[in-house]
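J.: the sequence isn't on hand, but the structure is:
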């Protein structure tokens with residue numbers, strides 16, 4: 001299965017496939033002089049899975065990449081290898097992220113992948129494994145909790161609240177940044193985590209659609225000051241394609 005399909009398109013150019021976050025958060029980004037000590041953390045969403053293509057909630061269920069997802073991961077790894085030295089690669093411990101991380105590591109000279117469960121996707125409780133239309137009838141309370149987007153609302157069936165995911169993953173990225181001041185590191189994670197990290201760096205700003213293997217760059221100064229430099233960039237997928245919906249990387253899915 002290659003190339004664009006009804007629900008998949010190619011990245012046509014940098015301008016069409018990138019959201020320049022400096023334009024979204026330009027006050028923070030432009031107020032910090034170049035050369036100040038910070039960690040540059042390149043957060044990559046995992047490659048495509050069959051469940052992404054089916055529009056199925058994954059959450060913490062351990063789904064592997066599909067063939068397109070593997071090609072996407074290789075492409076982003078080759079891109080990253082050309083863009084500057086990477087000191088470390090961190091990854092969610094879920095298969096789709098680990099597979100993506102290992103393909104990036106191979107392209108970047110065989111770095112060891114460091115597993116960190118703090119980068120895991122949000123646990124979606126009873127919704128995991130379902131498509132939205134089925135979830136609405138099979139688990140109406142859980143589906144309602146997801147759609148309400150109340151930050152302190154846990155998803156029935158053992159799911160996490162938005163606040164719990166936010167605390168978990170922002171602390172994780174902060175800890176990574178403190179270990180790697182002055183360095184460039186990669187962290188491979190998930191759509192829900194990226195939404196939380198973006199909210200930390202750019203509160204009250206328009207969210208970005210975090211497509212599979214999109215490149216999203218954060219600068220963390222002493223772990224407490226966050227700058228979102230750029231995000232949603234899938235320009236490396238010009239020959240492979242990506243799901244238009246960004247399912248799992250937009251505001252209503254996981």
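T.: Perfect, I can see it now. Keep in mind the model is a prediction, meaning the values are calculated, not measured. Residues are numbered from 1 along each chain as shown.
J.: and the residue lying farthest from the centre of the chain, what helix or strand is that in?
T.: What lies farthest from the middle of the chain is residue 137; by CA atoms, centre = their mean that is 28.6 Å. In this assignment (DSSP states H and E), residue 137 forms part of helix 132-138.
J.: show me what that helix packs onto, helices and strands only.
T.: On a contact count with 3 or more CB pairs under 8 Å, 6 or more residues apart in numbering; DSSP states H and E, helix 132-138 meets helix 140-148. Quick note: C-beta positions are derived from backbone N, CA and C, even for glycine.
J.: elements contacting the following helix or strand past the helix it packs on?
T.: As assigned by DSSP H and E, the chain's next helix or strand after helix 140-148 is helix 162-179. Packing contacts for helix 162-179, counted by 3+ CB pairs under 8 Å, 6+ apart, involve strand 39-45, strand 184-189, helix 191-201, strand 215-221.
J.: and the third one, how far out from the chain's middle?
T.: Relative to the centre of its chain, helix 191-201 is centred 8 Å away, using CA atoms, centre = their mean, to the nearest Å.
J.: got the angle between that helix and helix 162-179?
T.: Put simply, helix 191-201 runs at 70 degrees to helix 162-179, going by axes from the mean of the first three to the mean of the last three CA atoms, to 10 degrees.
J.: assumed residue 129 was part of a strand.
T.: No: under DSSP: H, G, I helix; E, B strand; the rest coil, residue 129 falls outside any strand and is assigned coil.
J.: and the closest residue to it other than its chain neighbours, how many neighbours does it have?
T.: Counting by CB to CB, 6 or more residues apart in numbering, residue 61 is the residue found nearest to residue 129 once chain neighbours are left out, at 6.0 Å. Here the number of neighbours of residue 61 (other CB atoms under 10 Å) works out to 16.
J.: do you know the pLDDT at the residue positioned nearest the centre of the chain?
T.: With distances taken as CA atoms, centre = their mean, the residue of the chain nearest its centroid is residue 45 (3.2 Å). Looking at residue 45, its pLDDT is 98.
J.: picking up where we left off before, if I look at the residue farthest from the centre of the chain, what pLDDT would I see?
T.: If you check residue 137, the pLDDT there is 96.
J.: give me the distance between it and residue 149.
T.: Remark: distance between residue 137 and residue 149 (CB to CB, to the nearest Å) = 20 Å.
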